[in-house]
Structure formats: structure tokens, C-alpha cells
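Asker: just the structure for this:
(one chain, ligands or ions: 1)
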Amino acid sequence: MQDYLQIKEKFNSQINSVQDLNSLELLEQEYFSRKAGEITLLMRGLGDVPEEERKEKGQKINELKVAMVQSIESKRLELKENEYKKIIETESIDITQPNLPKHESGHLHPITLVQNQLEDLFTSMGFAIEDGPELESEYYNFTALNIPETHPARDTQDTFYIKDHAGWVMRTHTSSMQVRAMQSNDLPMRVIMPGRCYRNESTDARHEHTFYQLEGFVVDENISFANLKGILEVVAKNLYGPEAKIRLRPKFYPFVEPGVNGEVSCFLCESKGCRVCKQSGWLEIFGAGMIHPNVLSAGGIDAQKYQGFAFGLGLDRLVMLKYGIEDIRHFQGGDLRFLKQF
Ligand code: DAH
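Answerer: Purely as a prediction, here's the structure:
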């Protein structure tokens, strides 16, 4: 009997000094853990007690146990309540805090908008879309395109060469993808290849060192110049409305024969002549032509059997004209006052 009273007293003084849930947990273990809890051991010891005393002893232990469990539970409740109270007191709302700006979600860059529009148009006409490397070999950027070693386009003034890596350049146009795409697609082919290009230009309102083009080509049997013109007319009308017309005038590009310089009728002045079209009524937006047989051969295509046309649209230019943007440098400038307008 003495044991029980002692245990009871010890337990009562302990539980009165418990301040937090962790110590309560430890106290509970001390008496009720399955291996070495004091009460657990007492219960286990009952087996050795002579039979006549066992019943009474058992009852006593049980009463003690029930009382202890009850005080542990009510202590637990009390401690939890205190904890909640503390949280409510310390985590009150600070009404003096300034109103933080809402997180704004971004949107697409105007060049991306127009690129997406053209991608939709070309895929609707059965074209595939391909991506290509911006760091490009001189072979794909120039040689495969029938651009001779001595051509001024290779001049260091226009091309970013890669230091200590002879034969590598930042691509100067998306035409670098033509032969790559010929090598990786099956005939007949219709592919567009949009992407970023680089030229060592001194920048001004019309020139940027980093700009975007959208290249495209078709290779099949019986492809003619009329097909080229038809496709580019569709592009012009898609971008600038049903009244838009295109004009093709001869221009030399080594990778096409014949080659043309493509213009769209100035939709700002309806071809009457204005500041933007420099009074000519026409705006230059692309280069194009019938693919040179040497380029087809570089792409592994039988130039006797197949022909094709290719075109390269200056995306920045298209976007500037579409939205009336007066300076190409806005595109890479990162000025939110510009970007937020789209
Ligand atoms: N690559 C030319 C440039 O950057 C544009 C071009 C002209 C692309 C004629 C073509 C083409 O595909 O046929 O100036």
C-alpha cells in the first residue's frame, strides 16, 4: 500500500510542475511505457502476489491508474488551450503594414505574339516547325548555302565569330536551318524555322545586334515561283488584312536563283506614300527565291528531280509595322512601359 501512496504523491507533484506538452509526454512514459513504466511494472508484478491479496491489490492499482490517466488527459487539454491562446496573442494582424502590390502575371512579348500567329498560319497550311542552334557552324550558316569564302556577308563586320573556336559563329540568319532541315526531314518538305539571329551591327532605330527571323521552305516536284508568291500573299493578308498586296523585285542571294526582295503594300498610307514607307508605298519585309541547286544537293536532295522555294521574314520588322513601333531597340530594351502595351 505504501508504494501506491508514494507513487501517487510523486506523480501529483510532478504533474503540477509540467509546463508543456513535451514534458507531459515524458511523464506519461515514465509511468505507462510498455517496457518500464512504473504502473506497468506494478501490474506485471501482480502475478507474484499471493492469491488472497491479489484482487484487492489489483483494484488499488487500477484506481490509481485511472486517476493518473485522468489527470494526464486534463493536463493535456489545459496545455493545448494555453498554446492556442499564445498563438492568437502573438500572431495578431498588423494593420499598419502597407498594402503589398499584387503579384502581376506576365504576358507574351510582341515578337512572340506575331511568331505564334505565323506558326498557326503555317501549320494550317501543312508546314512543320523546327528549332535550331543559335551557335552555328560556318558550314550551315554560309558554306552549305552556297555563300563563297569571299562573300562580304562573312566579313567580321557582320558576323560574330566565336573566340578560340574557329569555324563557329552566332547565326546571322535562320537560313542556317535550311540544310539542317533538309537533312532531317522526308520529302516532300514544308518547314518553317523561326528563331533568334545575331549580327555585329552598330545599333540604331532600324538595326539591332539581336533580332528574329522566320525562315521557311517547300521542296517537292513541280514547285514553281507562283507557289512562292501565293504563300507570301497569304502571309501578308494574314498579318495586315485582306487589302495587303505584295511586290517581288529581283535581288541577289547566293542560296536562291532567282532571288527576290519582297515588299508589302504600305497599309499605313494605303500605298499613297508616307514617312514610314519613305514615300514609296511599299515596305520591305522578306527575302525569298527558288532554292539554288547547290543548296538542295548540300541537303542531300536530288536537284534534278526536286525544286523548292525559300523565304526569310524579318520578324522584328513585321512586328514594328504591325504595331507602329518606331525603334527596333525597344524589343530587347526590357522597358516595362513599352512591354505593357501589348
Ligand atoms: N537570309 C536572308 C537574310 O538574312 C533572307 C533570305 C533571303 C532568306 C532569301 C531566304 C531567301 O530564305 O530565299 O537577309
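Asker: show me what the strand or helix carrying Gln29 is packed up against.
Answerer: When elements are defined using DSSP states H and E, Gln29 is found to belong to helix 21-32. Helix 21-32 is packed against helix 2-17, helix 38-45, helix 51-90, with contacts defined by 3 or more CB pairs under 8 Å, 6 or more residues apart in numbering; DSSP states H and E. C-beta here means a position set from N, CA and C on the backbone, and glycine is covered the same way.
Asker: angle of it against helix 51-90?
Answerer: An angle of 180 degrees separates the directions of helix 21-32 and helix 51-90 when computed by axes from the mean of the first three to the mean of the last three CA atoms, to 10 degrees.
Asker: restricting to C-alpha, output helix 21-32 in CSV.
Answerer: Presented in CSV, the C-alpha positions along helix 21-32 are these (Å, rounded to 0.1, in the frame of the first residue of the first chain):
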residue,chain,number,x,y,z
LEU,A,21,3.1,19.1,-23.9
ASN,A,22,6.6,17.6,-24.4
SER,A,23,7.3,17.2,-20.7
LEU,A,24,3.8,15.8,-20.2
GLU,A,25,4.6,13.2,-22.8
LEU,A,26,7.8,12.2,-20.9
LEU,A,27,5.9,11.9,-17.7
GLU,A,28,3.3,9.7,-19.2
GLN,A,29,6.1,7.4,-20.5
GLU,A,30,7.7,7.3,-17.0
TYR,A,31,4.6,5.6,-15.6
PHE,A,32,2.9,3.9,-18.5
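Asker: state the distance from the residue in the stretch 51-200 of the chain that the ligand sits nearest to to Cys197.
Answerer: Nearest residue of the stretch 51-200 of the chain to the ligand: His173, at 3.3 Å (CB to the nearest ligand atom). Distance of His173 to Cys197, computed by CB to CB, to the nearest Å: 5 Å.
Asker: can you get me a residue count around Val52?
Answerer: For residue 52 the amino acid is Glu, not Val. Summarising burial for Glu52: neighbours were counted as other CB atoms under 10 Å, giving 7.
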